[in-house]
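J.: mind folding the following:
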Amino acid sequence: MRGKSLFDLDENVSGLLCYLLGCISGIIYFVLEKSNKFVRFHALQSTVWFLLLFIVNFVLGFFTWIPIIGAILGFAQWLIGLLSLASWVYLMVMAYKGSTFKIPIIGDAVENQINK
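T.: Predicted structure coming up:
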């Protein structure tokens, strides 16, 4: 039997929901969930990961008006969008399976923060 979480949901369902709206659902779950470390891990990882992707995409978008470099940066934005979509689906599946899949660097930092 899996542990329960916020709204009396199974922790794997809550873990999946942490990723559903990217950093928005991650923040909501991180603030509301106080005891389940599995859900808190996924909530914080979702928040950090998707916020980082958003910031990088935003900064790249700021410079797309520059000729030639803008085309390269536009392609980089497209790749980041593809990475966002692929990681979004993968992280939701892994959370639903009950795995604490850690994104390199970010996952370790999140785990350290949760275990404090």
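
J.: was I right to think Tyr96 contacts Asn12?
T.: Yes: the criterion here is CB atoms under 8 Å, and Tyr96 meets it with Asn12 at 5.2 Å. Bear in mind the C-beta positions are built from the backbone N, C-alpha and C, glycine included.

J.: between these two, which has more neighbouring residues?
T.: Applying other CB atoms under 10 Å to Tyr96 and Asn12 shows that Asn12 carries more neighbours, namely 20 against 16.

J.: name the element that one belongs to?
T.: Assigned by DSSP states H and E, Asn12 falls within helix 11-20.

J.: chain center to that helix: distance?
T.: In terms of CA atoms, centre = their mean, to the nearest Å, the centre of helix 11-20 is found 11 Å from the chain centre.

J.: send the alpha carbons of it over as PDB?
T.: Below are the C-alpha coordinates for helix 11-20, written out as PDB (Å, rounded to 0.1, in the frame of the first residue of the first chain):
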ATOM      1  CA  GLU A  11       1.400   9.600  -3.100                       C
ATOM      2  CA  ASN A  12       2.100   8.500  -6.700                       C
ATOM      3  CA  VAL A  13      -1.000  10.300  -8.000                       C
ATOM      4  CA  SER A  14       0.000  13.400  -6.100                       C
ATOM      5  CA  GLY A  15       3.600  13.100  -7.400                       C
ATOM      6  CA  LEU A  16       2.200  13.000 -11.000                       C
ATOM      7  CA  LEU A  17       0.000  16.000 -10.200                       C
ATOM      8  CA  CYS A  18       3.100  18.000  -9.000                       C
ATOM      9  CA  TYR A  19       4.200  18.100 -12.700                       C
ATOM     10  CA  LEU A  20       0.800  18.600 -14.300                       C
END
